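Novice: structure of the sequence below:
(4 chains)
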Number of protein chains: 4
Amino acid sequence: MTLRIAVSGCTGYAGGEVLRLLLQHPGVTIGNLTAKSSAGSKLGQHQPHLLPLADADVLDTTVDSLAGHDVIVLALPHGTSGEIAAQLAEASPDSMLIDLGADHRLESAEAWTTYYGGEHPGTWTYGMPELLLAEGAKQRDHLRTATRIAVPGCNVTAVTFALAPGIAAGLIEPTDLVAVLANGVSGAGKSLKPHLLASEIHGSASPYGVGGVHRHIPEIEQNLGKSRGDQIRISFTPTLVPMARGILATCTARLAPGTDPATIREAWQQAYAHEAFVHLLPEGQWPSTAATLGANTALVQVTVDQRAERLVAICAIDNLVKGTAGAAVQSMNLARGLPEHTGLTTIGVAP
Amino acid sequence: MTLRIAVSGCTGYAGGEVLRLLLQHPGVTIGNLTAKSSAGSKLGQHQPHLLPLADADVLDTTVDSLAGHDVIVLALPHGTSGEIAAQLAEASPDSMLIDLGADHRLESAEAWTTYYGGEHPGTWTYGMPELLLAEGAKQRDHLRTATRIAVPGCNVTAVTFALAPGIAAGLIEPTDLVAVLANGVSGAGKSLKPHLLASEIHGSASPYGVGGVHRHIPEIEQNLGKSRGDQIRISFTPTLVPMARGILATCTARLAPGTDPATIREAWQQAYAHEAFVHLLPEGQWPSTAATLGANTALVQVTVDQRAERLVAICAIDNLVKGTAGAAVQSMNLARGLPEHTGLTTIGVAP
Amino acid sequence: MTLRIAVSGCTGYAGGEVLRLLLQHPGVTIGNLTAKSSAGSKLGQHQPHLLPLADADVLDTTVDSLAGHDVIVLALPHGTSGEIAAQLAEASPDSMLIDLGADHRLESAEAWTTYYGGEHPGTWTYGMPELLLAEGAKQRDHLRTATRIAVPGCNVTAVTFALAPGIAAGLIEPTDLVAVLANGVSGAGKSLKPHLLASEIHGSASPYGVGGVHRHIPEIEQNLGKSRGDQIRISFTPTLVPMARGILATCTARLAPGTDPATIREAWQQAYAHEAFVHLLPEGQWPSTAATLGANTALVQVTVDQRAERLVAICAIDNLVKGTAGAAVQSMNLARGLPEHTGLTTIGVAP
Amino acid sequence: MTLRIAVSGCTGYAGGEVLRLLLQHPGVTIGNLTAKSSAGSKLGQHQPHLLPLADADVLDTTVDSLAGHDVIVLALPHGTSGEIAAQLAEASPDSMLIDLGADHRLESAEAWTTYYGGEHPGTWTYGMPELLLAEGAKQRDHLRTATRIAVPGCNVTAVTFALAPGIAAGLIEPTDLVAVLANGVSGAGKSLKPHLLASEIHGSASPYGVGGVHRHIPEIEQNLGKSRGDQIRISFTPTLVPMARGILATCTARLAPGTDPATIREAWQQAYAHEAFVHLLPEGQWPSTAATLGANTALVQVTVDQRAERLVAICAIDNLVKGTAGAAVQSMNLARGLPEHTGLTTIGVAP
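Specialist: Predicted coordinates:
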């Protein structure tokens, strides 16, 4: 059986990437494509790399355009998917909804209000199959029955994969975590802001959302908290660097008292031993974002700086694949009973 | 009086940048230019951007080529300047020597041997005028009488400027420091290594020297130790990002017990209030490396993440200017009694 | 039946790209992988993006390593494949050989000697299925029975696709052609040359092989000559620009006397109407290399500048896919009776 | 005597670059700075690289803000400087006006209407001192008495310098010229257009204004026409490549009948022998944009492709310096009787 899938926000980067993956997925057909301001145009004007869809019509993002599909992907600005989801629940009750935005990721209504403002749109099943839960369980199990999926934030994914094994195994202090990220600029979307112009980004590295205000913080802490139940505190600073895609998350953590550094690697190995998409590199080899471009891969490495008494765990992902669209497809596969890796690859495009 | 200056290693990036600055310095004339493997060629083949020197001959790097100049700049691979410096001390005793390499930066022979190997080549006056010393003094005073100058490492400069005010004022814990850097690739020099090829660097962020092994660590700890005398421990991870120049150092530190966050900004303001080249940005404005390109500027910002109980201090520099050649010229100015800013600018080239 | 394929030069960019495509090809298995200087290592050290092959052994490039495979891909420096091909013809007579290098592309021994030097290694079936031959035939027909395939040069591919329809239809003067290319730097391979360092390439555009000396010229003229039989003369200038992949070939040609500009578009349309991989864009939309990244697509557009009396035809390709590895796979498919597009895509990775 | 200079459009790229140069000019002081939408802010928010002006107020662009300065630089969108210039002529009759925009470059009202639309705002003295006029004269002489200066277009500058010596000496056919340019993206200004976003520009080369429609064409033809008086026809195609600054103009021309290729180089040598800023490189060395970054340099090289019977002349400039702000300062120097090179440099910033 083939799934017919609609994609809203099809002219943006996240929507385009979902389409790129779905075009290569053997079990789906592309249904309606919608966008807000570009309705009436052809997709080829906005996504010239998706040649098979060049002549596809871009429709307006309405309940009518989206209802009736087996799966509906919402690639909308945060704060806007709640309303249309409610309408679709009524108009198209059998459709699976996948939200690429932030609206349905947080479990705490308070955290939502603090970081995003407004009323909490609710919580959907979190689309990170590899997330370590208490007692060795993984989030994968929850996804098998999901009909509403909240795709994780891209930065969140990189930081979670880097640190969760150490938190889960109790090897690192959960309240003295530090993450600094090098971010490709597509993570900011196709929005027309001066600081995203090529002339500004070329040859420049600059931080943003510094000082505990970034909206991905409560989501990271929610994830790591699930791995052990402790209170989590992370200092999180993303930095824009001159590349289109990719996140390199450099995370450090103070070792928990009594942690034997020799046991560190083992914890990461165990956490990801059976994962197809999260890969602990051989000792001495460090992740690069280039090796993940276009792939659903997360490359991880970990070491201990015994002098500074901190562990360093680094994770590289493609923010648009494992950080967004790949996670969506992987979660959808689980939720629809398809092999988890269907339509996904660990083969990157490099150089 | 005009200083006649020789530059060894003139075909590399550090040597080229010294020449770029010296060409715009009103008090100097360019003397002999030397290099190892390119002797016999014209400088224009190697540094086509230095048009006024296009026809200058590249000589062999020998004592004969270098002796007799008022100032001799050594832009040589580490481990090689010690020997020629010893010879020049004899052959050209009145020459000021400025070492852009690492050989004469460290005061601890043990640290040298641990991080660089071999015998410690000795310690020269450290070329960072703005370095905070105990009791409000600065390194500037030591440079006024220097005849041998060790120019700081570029990463070291960025991290030191970011964190020193907090250490000096006792506001942050000196043993739980974390620095993650985004580095332009020119910091690695003009060496023919596969991972420095443009195809590898484009679109990629990757860490190097992870886990406490990077040679800049003892130098950072030496600097910050001078600001207060405490033992310093820093977790330090540089990452290569796709730009030619620039360092963005994102540094975090746990607040010392009892630190009032409201006093933080004041400490940084005071430290740099009278500095021409280290500039604390207005609140809310964060540094970008692009704003420092070609300039001797260090842009600094600091804030407190009260939730994570960590301070975040960020410094952007041009690794080849304030991180290398600009520091050399600034220190030379001091040592020769010229106004400190002669030939240097805070005006960057952007976009 | 599954083809077992060996790849020599597996650590380079062309070899890596062939492997990337073959890993996604349903009709092949990867056989031995060889390289010259990296024998004894694992492929993961050289091609970290090819995760499924991370543990594959890199063998020495010898006849023994390569013989016995159904298909042997030679990704070797030019001038070196002739010898090993001769040995393989004897040791492994049933193997299909595919040369990604230049050795077997030219039909004129004189042109070979002039542009490459040394003795002509011979001519193999030219691996450009879409090449327009006289009287409406295409090169595809010759490839169906090929056992020795010479993969075209990447620049050649872009220029040929841009101009051939006009030459074939007699619409443009064949001896006043001009092509200027913007080239991603991976086309120069993984060679350790100073001008290919990231610091040199970033922020820089520069020409190379200027003035009629570039080795791709006789190959372009050979191709266009086949489209009509005229003598061809092209002024050809490639320029390195700061990107890893991609060729944008901007080609201009004087209109032949009597050409009606209104007939131009029709000629290009007809030439590529039934081609899966060469795509004439809708009027007014111009090719970008980004839209071809990772895809076997050539995007083409053409217009007439009536004022200057010249036609402008532009073609964008990914130099490593349609310009190299994709052409190899496409030709192999034809030669082995597989559907031509097997394992190939027109879906690029963007942004 | 010091010139007090106002700059309108100070928050854009051209305005910012004028300020960068003026800050380093010994004979000027910066007067009022104006912009349209950013009035009321500090310049440091828009141009953080111009540290000495960080606290300068951005005023509204009005006649009141600009009147009374010795020199007024107009860095405004084309079509808007005519009106304010007329008002300033009355309100501030002694001010020199320098227009960085296109409004006053063309002498032909018809060409203006065709390419820009609307009424021709008039013609000012053309700010290209090195432009070859008939009988060996240069544009420099006209600038010595100018009070209204029209700064050339950046693409125009690169193409003119590449080809003018051949036109002036009658060595090339004036009606079969071809220019293809690789353009840094700052040439498009700080405008918020989707195709200028960093994600779109990274890793991509794409043409624009193809087919004889680009507004710089009549200006190029006007310049080259002055060098000899012939009718000029040029096929002109700019291409955006992933760099912030720089233009590499690759120009080809059919040799005029009877031209001895051996005389070519001599013509270029003679044309630029006494020019400080236009530099013919030694034979065999080709221009790169990187070597001109931040400098007022135009690097030129020329050769003959005897096989294709076309000359290839290539010019690299920094579009914001020699292509815009440097030309403005150089012309102002001439017009105010200062040494032509005051405040300008041929020293680039590389790598």
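
Novice: which residue is the nearest non-sequential neighbour of the residue in the stretch 1-150 of chain A positioned nearest to chain D?
Specialist: Nearest to chain D, among the residues of the stretch 1-150 of chain A, is residue A:13, at 6.7 Å (CB to the nearest CB). The C-beta positions use only the backbone N, C-alpha and C, and glycine is treated the same way. With CB to CB, 6 or more residues apart in numbering or on different chains as the measure, residue A:186 is the residue that lies nearest to residue A:13, at 4.9 Å, once sequence neighbours are left out.

Novice: what of residue A:154?
Specialist: Residue A:154's closest residue in space is residue A:323 (CB to CB, 6+ apart), at 3.0 Å.

Novice: does that neighbour count as helix, strand or coil?
Specialist: Under DSSP: H, G, I helix; E, B strand; the rest coil, the three-state class of residue A:323 is helix.

Novice: for chain A, longest helix please?
Specialist: Counting residues, the longest helix found in chain A (DSSP state H) is helix A:154-168.

Novice: quick one: the helices in chain A?
Specialist: Listed in chain order, the helices of chain A (DSSP H) span A:13-23, A:63-66, A:81-91, A:109-115, A:140-143, A:154-168, A:198-201, A:217-228, A:264-272, A:326-335.

Novice: got TSV for those, with mean pLDDT and mean neighbour count too?
Specialist: Converted to TSV, those look like this (pLDDT from 0 to 100; neighbours: other CB atoms under 10 Å in any protein chain shown):
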stretch	mean pLDDT	mean neighbour count
helix A:13-23	98	26
helix A:63-66	97	18
helix A:81-91	94	16
helix A:109-115	95	15
helix A:140-143	98	18
helix A:154-168	98	29
helix A:198-201	97	28
helix A:217-228	96	23
helix A:264-272	97	18
helix A:326-335	98	27
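
Novice: adding distance to residue B:107, write these out as TSV.
Specialist: Converted to TSV, those look like this (distance: least, CB to CB, whole Å):
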stretch	distance to residue B:107
helix A:13-23	51
helix A:63-66	68
helix A:81-91	59
helix A:109-115	46
helix A:140-143	54
helix A:154-168	36
helix A:198-201	40
helix A:217-228	40
helix A:264-272	33
helix A:326-335	50
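
Novice: which one, of those helices, ends up nearest to residue D:120?
Specialist: helix A:198-201 (30.7 Å; CB to CB).

Novice: who are the contact partners of residue A:127?
Specialist: A:98, A:143, A:149, A:150, A:151, A:152, A:327, A:328, A:330, A:331 (CB atoms under 8 Å, 6 or more residues apart in numbering or on different chains).

Novice: quick one: it from residue A:331, how far?
Specialist: Residue A:127 is 4 Å from residue A:331, where distance means CB to CB, to the nearest Å.

Novice: overlap in contacts, the two.
Specialist: With CB under 8 Å, 6+ apart, residue A:127 and residue A:331 have common neighbours A:98, A:143, A:149, A:151.

Novice: these in strands, which ones?
Specialist: A:98, A:149 (DSSP state E).

Novice: CSV for the shared contacts of residue A:127 and residue A:331, including distance to chain D?
Specialist: Shown next, in CSV, are the shared contacts of residue A:127 and residue A:331 (distance: CB to the nearest CB, whole Å):
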residue, distance to chain D
A:98, 23
A:143, 30
A:149, 25
A:151, 19
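
Novice: with respect to residue B:216, which of the contacts of residue A:127 is nearest?
Specialist: Scanning the contacts of residue A:127 for proximity to residue B:216, where the rule is CB to CB, the winner is residue A:152, at 34.6 Å.

Novice: can you report phi and psi for that closest one?
Specialist: phi -60, psi 160 (degrees, to the nearest 10).

Novice: so how far is chain B from residue A:295?
Specialist: 13 Å (CB to the nearest CB, to the nearest Å).

Novice: rewinding a little: so which of the helices of chain A gets nearest residue D:350?
Specialist: Among the helices of chain A, if distance is taken as CB to CB, the winner is helix A:198-201, at 18.3 Å.

Novice: follow-up on the earlier one: CA-only coordinates of the longest helix of chain A in CSV, if you can.
Specialist: Extracted as CSV, the C-alpha positions of helix A:154-168 are listed here (Å, rounded to 0.1, in the frame of the first residue of the first chain):
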residue,chain,number,x,y,z
CYS,A,154,17.7,20.3,14.7
ASN,A,155,20.1,21.6,17.3
VAL,A,156,18.3,19.5,19.9
THR,A,157,18.9,16.4,17.9
ALA,A,158,22.7,17.0,17.7
VAL,A,159,23.1,17.8,21.4
THR,A,160,20.9,15.0,22.6
PHE,A,161,22.8,12.4,20.6
ALA,A,162,26.1,13.7,21.9
LEU,A,163,25.2,13.7,25.6
ALA,A,164,22.4,11.3,26.3
PRO,A,165,24.5,8.2,26.7
GLY,A,166,26.5,9.8,29.4
ILE,A,167,23.4,11.1,31.2
ALA,A,168,21.6,7.8,30.9
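
Novice: which strands and helices lie in contact with that helix?
Specialist: Applying 3 or more CB pairs under 8 Å, 6 or more residues apart in numbering or on different chains; DSSP states H and E, we find helix A:154-168 packed against strand A:172-183, helix A:217-228, strand A:234-240, strand A:247-255, helix A:264-272, strand A:298-305, strand A:310-317.

Novice: between that helix and helix A:264-272, how many degrees?
Specialist: 120 degrees (axes from the mean of the first three to the mean of the last three CA atoms, to 10 degrees).

Novice: what parts of the stretch 1-150 of chain A come near chain D?
Specialist: Applying CB under 8 Å from any CB of the partner chain, we find that the stretch 1-150 of chain A lies next to chain D at residue A:13.

Novice: any figure for the gap between the residue lying closest to residue A:165 once chain neighbours are set aside and residue A:167?
Specialist: Residue nearest to residue A:165 in three dimensions, not counting chain neighbours: residue A:271, with 3.8 Å by CB to CB, 6+ apart. Residue A:271 is 10 Å from residue A:167, where distance means CB to CB.

Novice: what do the two both touch?
Specialist: residue A:132.

Novice: beta-bridge partners for residue A:29, please?
Specialist: When bridges are called by DSSP bridges, residue A:29 pairs up with residue A:4.
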